[in-house]
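K.L.:
any chance you could fold what I've pasted below:
(one chain, ligands or ions: 1)
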Amino acid sequence: MQLLSTKLNFVKTSATAQIHNLILKKQEAGEKVINLSVGEPDFDTPQNIKNAAYNAIKSNNTKYTSTGGAKQLKLAIANKFLNENSLNYKMNEIIISSGGKQVIFNALLATLNENDEVIIPSPYWVSYPDMVTLCGGIPKIIQTKMENNFKLSPDQLKEAINLRTKWLILNSPCNPSGSVYTKKEIVDLCQILERFPHVHVLSDDIYEHVIYQDLPFYNIPQVYPSFKSRTLLVNGVSKSYAMTGWRIGYGAGSQHLINAMTTIQSQSTSNASSVSQYAAIEALQGDQEFIQNNKIIFQTRRDLMLKILNQSDYIKVIKPMGSFYALPSIRNLIGKLTPQKKIISSDKDFVFELLNETGVAVVPGSAFGAENTFRISYAVEKNLLQEACSLITNFANNLH
Ligand SMILES: Cc1ncc(COP(=O)(O)O)c(C=O)c1O
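P.N.:
Sure, this is the predicted structure:
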């Protein structure tokens with residue numbers, strides 16, 4: 001009898017892990033690598049948040065909390081929704097988990113029956129399709145267009161929905177494209193959804209605070225209040241407060257769904273780390289200047305990246321309006337040769353040759369469902385970013 005479950009037949013090892021192994025190999029060999037493949041802010045967690053964690057330990061807040069999260073953190077989250085999004089959530093409509101990732105996993109496990117479909121606009125965050133598959137559902141990938149800033153159109157949504165559709169996953173600002181849906185675009189999607197009341201929306205708002213040029217952030221319940229009960233908001237402190245390692249995410253939705261998710265969490269991981277929960281209370285209630293400062297830093301880096309990449313005639317990049325990623329197209333480079341006569345026949349070839357020849361690490365777009373693109377993360381210091389982008393542009397210009 002085979003040891004491993006057949007579920008694993010459909011789950012891929014992530015492309016980011018492959019890149020990571022290659023980076024380690026190069027670093028072990030003493031070679032310089034500029035890593036633009038990371039999915040986390042390069043800033044330290046703010047001191048006030050760290051202090052809150054020290055205090056939690058000193059005060060012995062180190063025991064189990066309620067499965068769905070400590071009451072004080074739920075209150076802080078409810079206040080965040082009220083103050084920042086004008087949304088009213090009760091404590092029993094909120095769950096706290098070990099990262100936004102676990103919130104999504106809990107939701108899918110709690111709701112998907114065999115062959116239920118989940119609409120995932122592509123490019124997408126790498127984990128969505130595999131999570132859907134692991135939970136027994138079918139990911140229905142809808143390819144968005146670069147000309148449409150990689151956003152799902154109402155017509156595409158209408159065409160994708162059928163009687164088995166359980167969820168639509170929307171991620172704005174988006175990892176990996178950096179696209180942000182406008183209020184009007186959300187309204188247009190909601191008008192389609194209105195005709196299909198059996199479809200729920202998982203709104204992944206984890207990059208809510210990484211948004212540029214004073215563009216307002218909108219999610220579905222803010223724009224279309226009648227959809228609040230069919231939407232699960234997913235958010236967390238990882239990206240906004242440079243707290244990726246603390247593992248605190250939260251979800252807000254109908255009491256019915258949150259109860260089911262809490263039941264699953266109670267039989268798997270129980271509560272998220274108590275110390276991290278106390279740190280997250282300070283993140284949400286303390287000084288918010290960190291967020292504003294980071295936006296400015298990220299926007300400056302974004303502009304620098306765009307300026308350099310646009311110097312290549314072969315790379316096409318859409319201006320990202322949020323998150324700290326961009327997804328340049330290298331369609332014009334497919335079929336070309338490196339100076340060492342290696343053919344670039346896919347985005348993977350491009351990324352691996354780029355890493356081998358220049359020491360710059362990015363991620364193949366195919367990992368996000370976007371062939372012939374690559375994802376660049378500009379969560380790195382400005383001088384390194386400048387050097388890396390120049391190396392990318394030179395590498396592309398020297399292909400023939
Ligand atoms: C789009 C998106 N959603 C959710 C997550 C999960 O974040 P975390 O589990 O760290 O809260 C990530 C992390 O990379 C992400 O990019």
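
K.L.:
so residue 131 makes contact with residue 108?
P.N.:
Yes - counting by C-beta atoms under 8 Å, residue 108 is a contact partner of residue 131 at 5.6 Å. Where C-beta positions appear, they are placed from N, C-alpha and C, glycine not excepted.

K.L.:
quick check: residue 96 is in a strand.
P.N.:
Yes - counting by DSSP: H, G, I helix; E, B strand; the rest coil, residue 96 is part of a strand.

K.L.:
nearest residue to it in space, please, no chain neighbours.
P.N.:
Using C-beta to C-beta, 6 or more residues apart in numbering and skipping the chain neighbours, the partner closest in space to residue 96 is residue 69 (2.8 Å).

K.L.:
in the helix or strand where residue 291 lies, what counts as buried?
P.N.:
Assigned by DSSP states H and E, residue 291 belongs to helix 289-309. Across helix 289-309, burial judged by 16 or more other C-beta atoms under 10 Å covers 290, 294-295, 297-299, 301-302, 304-306, 308-309.

K.L.:
which among those residues gets closest to the ligand?
P.N.:
Using C-beta to the nearest ligand atom, residue 298 is the member of the buried residues of helix 289-309 that lies nearest the ligand, at 14.5 Å.

K.L.:
show the contacting residues for that closest one.
P.N.:
210, 212, 324, 378, 379 (C-beta atoms under 8 Å, 6 or more residues apart in numbering).

K.L.:
how near is it to residue 162?
P.N.:
Shown here: residue 298 relative to residue 162, a distance of 39 Å by C-beta to C-beta, to the nearest Å.

K.L.:
all strands for this structure, in order.
P.N.:
34-35, 94-97, 117-122, 138-143, 165-171, 200-204, 231-236, 249-252, 325-326, 360-361, 363-364, 374-377 (DSSP state E).

K.L.:
turn those into TSV, including distance to the ligand and mean neighbour count.
P.N.:
Shown next, in TSV, are those (distance: least, C-beta to the nearest ligand atom, whole Å; neighbours: other C-beta atoms under 10 Å):
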stretch	distance to the ligand	mean neighbour count
strand 34-35	15	20
strand 94-97	8	27
strand 117-122	11	24
strand 138-143	15	17
strand 165-171	5	23
strand 200-204	5	24
strand 231-236	4	27
strand 249-252	4	27
strand 325-326	9	25
strand 360-361	16	24
strand 363-364	12	27
strand 374-377	10	26
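
K.L.:
which one of those strands lies closest to residue 58?
P.N.:
strand 94-97 (21.8 Å; C-beta to C-beta).

K.L.:
what packs against the closest one?
P.N.:
helix 71-85, helix 100-111, strand 249-252, helix 255-266 (3 or more C-beta pairs under 8 Å, 6 or more residues apart in numbering; DSSP states H and E).

K.L.:
what does the stretch 1-150 of the chain put close to the ligand?
P.N.:
39, 99, 100, 101, 125 (C-beta under 6 Å from any ligand atom).

K.L.:
the fourth one touches residue 126, doesn't it?
P.N.:
Right, the one you point to is residue 101. No - distance between residue 101 and residue 126: 10.8 Å, which falls outside the contact criterion (C-beta under 8 Å).

K.L.:
and the pLDDT for the residue of the stretch 251-400 of the chain found nearest the ligand?
P.N.:
Going by C-beta to the nearest ligand atom, the ligand is nearest to residue 323 of the stretch 251-400 of the chain, at 7.5 Å. pLDDT, residue 323: 97.

K.L.:
against residue 202, how distant is it?
P.N.:
17 Å.

K.L.:
and residue 85, what does it touch?
P.N.:
Contacts of residue 85 by C-beta under 8 Å, 6+ apart are 219, 221, 222.

K.L.:
same thing but 7 Å
P.N.:
By C-beta atoms under 7 Å, 6 or more residues apart in numbering, the contact set of residue 85 is 219, 222.
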